[in-house]
Structures are given as structure tokens and as C-alpha cells.
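**Q** next come a sequence and a model predicted from it.
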Protein chains: 2
Amino acid sequence: MIQHSNPLTEEEVEGYRERGFLVQEAVFSPAEVEVLKRHAQAEFDLDSPRRTFEEGTDVVRGVHGSHLCDEFFADFVRVPQLLLVARQLLAADVYVHQFKINAKRAFKGEVWEWHQDFIYWHLEDGMPQPEALSAAVFLDDVTEFNGPLIFIPGSQDAGIINVDAREEGWQSTLTADLKYALTSETLQTLANENGLVAPKGVKGSVLWFHCNIAHGSAPNMSPFDRRLLLVTYNNVDNAPAEGAGSRPDWLSNRSSAALEVVDGDPLSRTAVDVGA
Amino acid sequence: MIQHSNPLTEEEVEGYRERGFLVQEAVFSPAEVEVLKRHAQAEFDLDSPRRTFEEGTDVVRGVHGSHLCDEFFADFVRVPQLLLVARQLLAADVYVHQFKINAKRAFKGEVWEWHQDFIYWHLEDGMPQPEALSAAVFLDDVTEFNGPLIFIPGSQDAGIINVDAREEGWQSTLTADLKYALTSETLQTLANENGLVAPKGVKGSVLWFHCNIAHGSAPNMSPFDRRLLLVTYNNVDNAPAEGAGSRPDWLSNRSSAALEVVDGDPLSRTAVDVGA
């Protein structure tokens, strides 16, 4: 690992450990977000098994694994604004286990049921320990009206909360009717103790959250899209064993080599290539 | 009309006229809200065609017309905290055109699509002019997480916005898939001009809103119920003509006699009758 200074203060790291999430306002500029949005749109438009749809419609709900197929996103997951924070919060070298862009379109974007992320990566992919986290990059302003993520702060300390799997097979890990949704009783207990929080922010902000924090999101009731780019970083020493899991690599990346900070700035470099 | 002092300030009335809604915090005490909740629960539990259910479930979504069948609610719609405000805002004698209690249960309470109320009362019931308003009495704390009403402030000034009716028959006025939902284009235009607002407040608060204001609500994503008691008052001179409309009286009240303030306090009077 080339030495870089740690971008977060001790206080920020402590806050993350305690609450299970951390918001950094306006990490990327509006111009940089425009570049991200154009690349995201290209991914939404590309016919691929990596896309999912809002139930019973042809409205794209999200797309996975762009960092494996698209040079821009392969570079983007290595920008210092993300990679250095991931390293600092996990105190380890990291790689990207999963990548997705959620569309959450105006009026169309549906509910994400309450769940934890790690149980999928553990049971489906063979990730040993909850030593992963996700960066949610806001591609649109996130408000109370367009389906922000809702967290139960501190719930990551509960570890994996057992739930009954609803359907066999990894395909059900992609549907709106989640395979490992949390039960009402569990959520009641957790929320009574810790309350609920829905972090908002302007586009370009980054929301970091622990792989075991309980979260969900309401539908997008607003006339404004709420696109979110989600990069899940994992400790390289916490990669699934070779041959573990049956999900395709665009859901469970098999290349766990430590990422190095990208050369140059993909956000300014590609602005010209993509065009207006 | 017996003369009572007007409860609202000029500023409050002006704010209502401009924005189309008005919040009064903690109008009813927690003890009074408990009385309301017990009566509401009795209505939820009563097998009646006045109840509606969350789609495909036996979870009660709401119940209509309790003021016609239940002495307590017949009195409650005449408490000065509601009746005097309704009179002041409509500058008229009033009666109750519609009454409902929305359950919006924890995790179960589903989306209400964007709509205006008056179009139902006009087209289905024959109410001539938009001279009605609703009081939403919070039976639970209303937060950003449990599906608050969302308004486009000022949208009442757009008058009736034409929409295509989705299904024939008044039964479809009761379903989650609304008969007169607003289109995405209309909402985009209105929200771009005026933004969105979701008034919150502690239980016992009252939210007044104009019959033509565009509104909707997200599902209840929280482990906490969000029960709401909705009383729609109409100007007595604005009652539908005799014989107009085909909806049952529990959706479109035919008795338009001016209401007088109730004798005594139904909220303290019935606390004993209902029991713990």
C-alpha cells in the first residue's frame, strides 16, 4: 500500500464505528456528478443481464458490476476520495466485492425492504467476516421525498440477524421481494432502542455504511430521480475462498487483489470522451 | 351560528390560503389521543363494509363514516377545536361531508398515490365548488419515516387538474390504485414550481388542508403505526344537490345541516365508558 494520509478525522471514524454510517457532504462537484450520471445512463441503457427492473415494468431499477465491464467505473472505484476512506474505515487494503447503480426513478422507484447486506455476501458468496462497507455516492440530491436510505443506527453491532430465506437460488437476491428481509419483531426491537435515521445531502455527497447495519428505503414519491452509485469495499484478507458461492462475478467479484489509487482523475479525463 | 371567537390568527388564515395547509401542534393532549385511539380501534375491529384493507391482506387500511354510526365520533366532529377552525377557514357554516380513519400500520401501510380530493367529491358526489377542507388529526406522532402526507404547497390554486378515470364505478374510489391519480407530468410541473412539503408533528396535532391541494403519501417504512383521523368539512351552501351521486352515505354524507359545537367534552366524557 502506497502511503497516503488518512482523509477522515478520528472523530469521524469513531462516529462511523458507533452509528454504522458516515456522511461526507459534496465530495464530488456538480460537474463531476454530471460525468458520473452520463456513464450511469449508458449502463442503464445497455442491454445486459446485469440490469434489474422495477417489478412488472421495463423501468430499470439498477445495474450491477459496471466496474468489471466499463473502464470508467473500473477507474472510478479507485479514486482517492473513495479508496482512501474505505481503507481507513476498514484499516486494511481493500477490493470491490460488489458494485451497483440504483436508479430509483421519479414515481417509479419502489421500496427496498429492511435488510442487512452482509448476510447475502456471507451466505451466498462465502465472505467470512463483516469486514466490508459500502460507499453510496449521491448522483441526485437525496431528500426525504425521493426514497432515501433509512438506517437503524448502531444495528451493525447486532451481527447477522437470523431471517428465513424466502426462496431458493441466487436470482431471488435481486428481486424487490428480498430473500433475507428482516422481520417486523426484530425491527421493532432495534428501532425502539436506537431510532431511525435517513441521511440526506446534495448530489456528490458520499454516505458510508457498515455491511451489517439494518436499512431499507421507501419508494420515490417525488417527481425527481434519486440515482445512487453503491461501491462495496471488502478487506482483501476477508475475500471468499476460491470456488465459494455460485453468484456471477458481477454480483460477487472474484478478484480480490488490493486496489491502488488510480493514476490521474477519471472524472475530468473522461468528461470530453462522453460528451454532452 | 352561535358566535364563537375565531381561534386562528389572521396570519394563520393567510398562510392556509397561500400554501393550502396549516399545522396546529398538539391540539389534543396525549390522554385525549388515547381516547380517540381506543374508539378508532373499535372501528377497525368492527366488521363493516365501511372498512377497506391493504391490498391482498386482512390488514385494515381504513374505515369511513364513523361519525354516522358511532355516537362518540358524531360528537367529536363537533368539538370546538375542529369545528370553529373549519368555520373560520371556510368562512361559513359547515357540515361533515366525509370522515375516515386511516390505519397506516407499521410496515404494512401502503402508498397513497398523488391526487386531489375535490375531484372525487365533485365528480362522484356532485359537490359544486372546492369549498371543503379536511382536518387530519394525528393519532400517532407523524415522522418522516411512517408515511406522512406530502403536499405540493399552493397547488390548490390550480383548481381541478384533469386526469383520466381509471375504472368505472365508485368502488374504485376506495382502492390503493386510485381512480383519479395525478399524472407524472402534472406533478413534475407543480413540484418544480412549488416544491414538496411533508408536515410532521406530535400526536394530537391537527393538519388542515384544502380539498384541491395535490397530495400523496409513502408507505409506512417504520415499526410505528401512523393512524390519522380525517374529517372533511364542507360549506353548507356547497352541499351536493339532492339525489346527486351514487356513493353510499358513509362516503358522501347526505345530511348537510349546519353543525353546532357539541355540549360538553366528548373526549373526557367517554374516557370512562371505553375503558383501558
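**A** Now that the structure is in, tell me what you want to look at.

**Q** from here on, just use CA atoms for contacts and neighbour counts.
**A** Fine.

**Q** who in the stretch 1-150 of chain A is up against chain B?
**A** A:107, A:144-145 (C-alpha under 8 Å from any C-alpha of the partner chain).

**Q** among those, which one lies nearest to A:Tyr233?
**A** A:Glu144 (26.8 Å; C-alpha to C-alpha).

**Q** format the residues of the stretch 1-150 of chain A next to chain B as TSV; extra columns: pLDDT.
**A** Converted to TSV, the residues of the stretch 1-150 of chain A next to chain B look like this (pLDDT from 0 to 100):
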residue	pLDDT
A:Phe107	85
A:Glu144	96
A:Phe145	95
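
**Q** doesn't B:Pro223 make contact with A:Gln188?
**A** Yes: with contacts counted by C-alpha atoms under 8 Å, A:Gln188 reaches B:Pro223, the gap being 5.2 Å.

**Q** higher neighbour count, those two?
**A** B:Pro223 (23 against 16; other C-alpha atoms under 10 Å in any protein chain shown).

**Q** quick one: name the residues of the stretch 151-276 of chain A near chain B.
**A** Counting by C-alpha under 8 Å from any C-alpha, the stretch 151-276 of chain A sits next to chain B at A:184, A:187-188, A:191, A:196, A:216-219, A:221, A:223-224.

**Q** all helices for the stretch 51-200 of chain A, in order.
**A** A:66-69, A:71-76, A:80-90, A:118-123, A:184-194 (DSSP state H, counting those that start in this stretch).

**Q** using JSON lines, lay out these together with mean pLDDT.
**A** Converted to JSON lines, those look like this (pLDDT from 0 to 100):
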{"stretch": "helix A:66-69", "mean pLDDT": "94"}
{"stretch": "helix A:71-76", "mean pLDDT": "97"}
{"stretch": "helix A:80-90", "mean pLDDT": "98"}
{"stretch": "helix A:118-123", "mean pLDDT": "93"}
{"stretch": "helix A:184-194", "mean pLDDT": "90"}
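
**Q** format those helices as CSV; extra columns: distance to B:Ala135.
**A** As requested, the helices of the stretch 51-200 of chain A are exported to CSV (distance: least, C-alpha to C-alpha, whole Å):
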stretch, distance to B:Ala135
helix A:66-69, 49
helix A:71-76, 51
helix A:80-90, 48
helix A:118-123, 45
helix A:184-194, 29
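
**Q** nearest to B:Phe73, of those helices?
**A** helix A:184-194 (31.0 Å).

**Q** what comes up buried for the closest one?
**A** A:187-188, A:190-191 (16 or more other C-alpha atoms under 10 Å in any protein chain shown).

**Q** now do stretch A:115-134
**A** Those buried within stretch A:115-134 under the rule 16+ other C-alpha under 10 Å are A:115-122, A:124-127, A:129-134.

**Q** just the residues you listed: which are in strands?
**A** A:115, A:132-134 (DSSP state E).

**Q** just flag the most distant two among these.
**A** Farthest pair in these, by C-alpha to C-alpha: A:His115 and A:Ala132, 15.5 Å.

**Q** got any ranges where the stretch 1-150 of chain A has weak pLDDT?
**A** In the predicted model of the stretch 1-150 of chain A, residues A:1-4 satisfy pLDDT under 70.

**Q** that one: strands as residue ranges?
**A** For the stretch 1-150 of chain A, the strands defined by DSSP state E, counting those that start in this stretch occupy A:21-24, A:51-53, A:60-64, A:94-102, A:112-115, A:132-138, A:149-151.

**Q** now A:Asp265. Nearest residue, chain neighbours left out?
**A** Closest residue to A:Asp265 apart from its sequence neighbours, by C-alpha to C-alpha, 6 or more residues apart in numbering or on different chains: A:Val79 at 7.3 Å.

**Q** touching, the one you found and A:Ser268? I think so.
**A** No: taking contacts as C-alpha under 8 Å, A:Val79 lies outside contact range of A:Ser268: 11.6 Å.

**Q** the two: which is more packed in?
**A** When neighbours are counted by other C-alpha under 10 Å, A:Val79 and A:Ser268 differ, and A:Val79 comes out ahead with 19 against 12.
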